[in-house]
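Q: This is the structure alone, sequence omitted:
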């Protein structure tokens, strides 16, 4: 996918019964589970899914929805950007227009900036790295560094993780898998 401006890329929802919802979405929409685990940001169990090897996840289910939850169950709206300059620009522009709790994160497979829009909706803006590492995975991201420094730092951070591989290798493996947990 060629990205030239912020582009909607994936979303997540909070659910009451995670296992039931995983079964529903992997069956009805034939999504492939790409990763699952305990989230670092929310502390909830997360299941990442995709329909394509081009994106690690297009849809995320998060456990932890309570009976007192607001009507909306959207966990976050995520936007893919083409480069680091756009990620920085987006962070700065969002802050200038009232975004709060701005949090840059290095997920190993992506560099992200999370924030709440002026009405309190969680937004993620991100770009992919050339690496794969099992998700959820996260560390602080220092956006004052150059792209070369961030690439070197990211590779050093994830290279020793047992799930690490170049993105192209992960994409080839994805093509071999079928829908569900295969």
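A: Cool, got the structure. Predicted model, so just to flag it, every value in this text is computed and none were measured. Residues are numbered from 1 along each chain as shown.

Q: hey, let's count contacts and neighbours off CA atoms from now on
A: OK.

Q: Apart from its neighbours in sequence, what residue is nearest residue 74?
A: Distances taken as C-alpha to C-alpha, 6 or more residues apart in numbering place residue 13 nearest to residue 74, at 4.5 Å, with adjacent residues excluded.

Q: count of residues packed around the one you found?
A: Residue 13 has 17 neighbouring residues, counting by other C-alpha atoms under 10 Å.

Q: Next, give phi and psi for it.
A: Per-residue torsions, residue 13: phi -130, psi 150 (degrees, to the nearest 10).

Q: which strand residues sit across from it in the sheet?
A: residue 61, residue 74 (DSSP bridges).

Q: check contacts around it.
A: Shown in contact with residue 13 (C-alpha atoms under 8 Å, 6 or more residues apart in numbering): 60, 61, 62, 73, 74, 75, 76.

Q: Could you rerun that using 10 Å?
A: 46, 59-63, 65, 72-77 (C-alpha atoms under 10 Å, 6 or more residues apart in numbering).

Q: For the residues you listed, give me JSON lines that also has pLDDT, neighbour count and distance to residue 179.
A: Converted to JSON lines, those look like this (pLDDT from 0 to 100; neighbours: other C-alpha atoms under 10 Å; distance: C-alpha to C-alpha, whole Å):
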{"residue": "46", "pLDDT": "95", "neighbour count": "24", "distance to residue 179": "17"}
{"residue": "59", "pLDDT": "86", "neighbour count": "19", "distance to residue 179": "14"}
{"residue": "60", "pLDDT": "92", "neighbour count": "23", "distance to residue 179": "15"}
{"residue": "61", "pLDDT": "88", "neighbour count": "25", "distance to residue 179": "16"}
{"residue": "62", "pLDDT": "90", "neighbour count": "28", "distance to residue 179": "19"}
{"residue": "63", "pLDDT": "89", "neighbour count": "22", "distance to residue 179": "21"}
{"residue": "65", "pLDDT": "82", "neighbour count": "16", "distance to residue 179": "25"}
{"residue": "72", "pLDDT": "62", "neighbour count": "9", "distance to residue 179": "28"}
{"residue": "73", "pLDDT": "63", "neighbour count": "13", "distance to residue 179": "24"}
{"residue": "74", "pLDDT": "75", "neighbour count": "17", "distance to residue 179": "24"}
{"residue": "75", "pLDDT": "79", "neighbour count": "18", "distance to residue 179": "23"}
{"residue": "76", "pLDDT": "86", "neighbour count": "19", "distance to residue 179": "24"}
{"residue": "77", "pLDDT": "80", "neighbour count": "17", "distance to residue 179": "24"}
